[in-house]
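Q: Below: sequence and its predicted model.
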Amino acid sequence: MKIDPLHPSFAACVLDIDLSMVTKSSGSQEIIQAFEQYGLLVFPNQSLTSEGQLRFAKLFGELESFPEATMQKDSEKVYNVSNIDASGNIPTVDDIQILNLKGTQLWHTDSSYRHIPALASFLMALELPDSPESGDTEFADMFAAYDSLPDELRTRLKGRHMVHNYEYERIYVEPRLPPIPASEKALVPPVTHPVLRYHPDRDRHSVYITANVGGEIGGLNQDEGKKLHKETINFVTQPRFVYRHQWSLGDLLMWDNRRLLHRVLPYPIDTQRRKMRRTSVSDVAPPQIKL
Ligand SMILES: [Fe+2]
């Protein structure tokens, strides 16, 4: 296993490893070590099947289920982030599957709308747009952003929480999406998480904020809360904290949702096929502040 760093503060490319051969006793400990150190691992030229990706993900925690009806799934634990429908075609731009992808273009951390969010996500490139650089994914390092917070901004964020609401996208980002059925809503009611959170495995802090399932910081009046949210997102996603990944077929990316934000960059969604296979493992506890 050979590790080539991709950015001064995080992200690394891992070569000379076949993920289908990794087991608990062979390779997974080295991967955990690299994952903790770099936060984002890029494994090029992988050939994992859906089952193989589930098996690999399972080495790092409890598989996360995607019970929500609106997600395109191979099974309850495999979520296709894709503009290709079940019959293999690209739906029209106003189709619910396409509208639903809009949130992925906003900075976020996966499943933050859950009481216990995703610890790690695994995303494999199965089909990619032809146009160069479109559909790239950007990642931002929230350890580096936290460490660089101006004292004044850190003081204003200290002790603050954000409401993460699965329904937010329907209301504020893409109102053309139909309402979420009550039964689905009941599975993921709004939750609050600290904006400055502790990362127990690294004994560091990160900024835990998202733009896809919320748009304000709690405990302030709404205008102030929205302003502080925007200011924080703008600060923590400055180019110096960001690595931009240009995908190749067979890339599998594994990242730490406790530490990184990410977003996909726009691509010709109504003409160019893009299919990514996502699996995730849950964290073991809700985000904490250090006691
Ligand atoms: Fe995501």
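A: Right, received. Where do you want to start?

Q: Every contact and neighbour count from this point should use C-alpha atoms.
A: Fine.

Q: my read is residue 138 is in a strand, agree?
A: Yes. Membership of residue 138 in a strand is supported by DSSP: H, G, I helix; E, B strand; the rest coil.

Q: which stretches of the stretch 1-150 of the chain aren't confidently modelled?
A: Where the stretch 1-150 of the chain drops to pLDDT under 70, the residues are 67-75.

Q: Which stretches in it count as helices?
A: Counting by DSSP state H, counting those that start in this stretch, the stretch 1-150 of the chain has helices at residues 28-38, 50-58, 96-99, 142-148.

Q: Please produce CSV containing these, extended by mean neighbour count and distance to residue 108.
A: Output for the helices of the stretch 1-150 of the chain, formatted as CSV (neighbours: other CA atoms under 10 Å; distance: least, CA to CA, whole Å):
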stretch, mean neighbour count, distance to residue 108
helix 28-38, 16, 18
helix 50-58, 18, 21
helix 96-99, 19, 17
helix 142-148, 20, 11
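
Q: Looking at these, spot the one closest to residue 133.
A: Among the helices of the stretch 1-150 of the chain, the nearest to residue 133 by CA to CA is helix 96-99 (19.9 Å).

Q: and that closest one, how far from the chain's centre?
A: Counting by CA atoms, centre = their mean, to the nearest Å, helix 96-99 is centred 19 Å from the centre of its parent chain.

Q: same check, this time on stretch 250-260
A: When distances are taken as CA atoms, centre = their mean, stretch 250-260 is centred 7 Å away from the chain's centroid.

Q: Buried residues in it, which are they?
A: In terms of neighbour count (16 or more other CA atoms under 10 Å), stretch 250-260 has its buried residues at 250-260.

Q: And these, which is closest to residue 273?
A: The closest of the buried residues of stretch 250-260, once distances to residue 273 are taken by CA to CA, is residue 250, at 15.3 Å.

Q: Distance-wise, check that closest one relative to residue 108.
A: Going from residue 250 to residue 108 by CA to CA, to the nearest Å gives 24 Å.

Q: again with residue 267
A: 18 Å.

Q: More neighbours: these two, which one.
A: Set residue 267 next to residue 108 and count neighbours by other CA atoms under 10 Å: residue 108 wins out with 25 against 19.

Q: which residues sit in contact with the residue nearest to the more buried one when sequence neighbours are not counted?
A: Nearest in space to residue 108, with sequence neighbours left out and distances taken as CA to CA, 6 or more residues apart in numbering, is residue 210 at 4.3 Å. Shown in contact with residue 210 (CA atoms under 8 Å, 6 or more residues apart in numbering): 106-109, 112, 164, 233, 261.

Q: again, only using 10 Å
A: Residue 210 makes contact with 106-110, 112-113, 162-164, 195, 216, 229, 232-233, 261-262, according to CA atoms under 10 Å, 6 or more residues apart in numbering.

Q: Determine whether the claim that it is in a strand is correct.
A: No. Read with three-state DSSP, residue 210 is coil and lies in no strand.

Q: how close does it sit to residue 151?
A: 21 Å.

Q: before we move on, what about residue 231?
A: Computed as CA to CA, the residue 231 to residue 151 distance reads 14 Å.

Q: What of residue 133?
A: Relative to residue 151, residue 133 is positioned 36 Å away (criterion: CA to CA).

Q: Kindly report the same for residue 136.
A: 33 Å.

Q: Give me the more crowded residue out of these two.
A: Applying other CA under 10 Å to residue 136 and residue 151 shows that residue 136 carries more neighbours, namely 18 against 10.

Q: Skipping adjacent residues, who's closest to residue 37 in space?
A: In space, residue 37 is closest to residue 10, 7.5 Å off (CA to CA, 6+ apart).

Q: how many neighbours does the one you found have?
A: Residue 10, neighbours per other CA under 10 Å, totals 25.

Q: Ramachandran coordinates for it?
A: When read as degrees, to the nearest 10, the backbone of residue 10 gives phi -160, psi 180.

Q: which one among the buried residues of stretch 250-260 gets closest to residue 180?
A: Nearest to residue 180 among the buried residues of stretch 250-260, with distances taken as CA to CA, is residue 257, at 24.8 Å.

Q: thought the closest one was touching residue 116?
A: No. Counting by CA atoms under 10 Å, residue 257 does not reach residue 116; the two are 11.5 Å apart.

Q: OK, contacts around residue 205?
A: Contacts of residue 205 were listed using CA under 10 Å, 6+ apart, and they are 142-147, 196-199, 258-259, 288-290.

Q: Residues in a beta bridge with it, which ones?
A: Judged by DSSP bridges, the bridge partners of residue 205 are residue 198.

Q: Roughly how far does it sit from residue 113?
A: Distance of residue 205 to residue 113, given as CA to CA: 20 Å.
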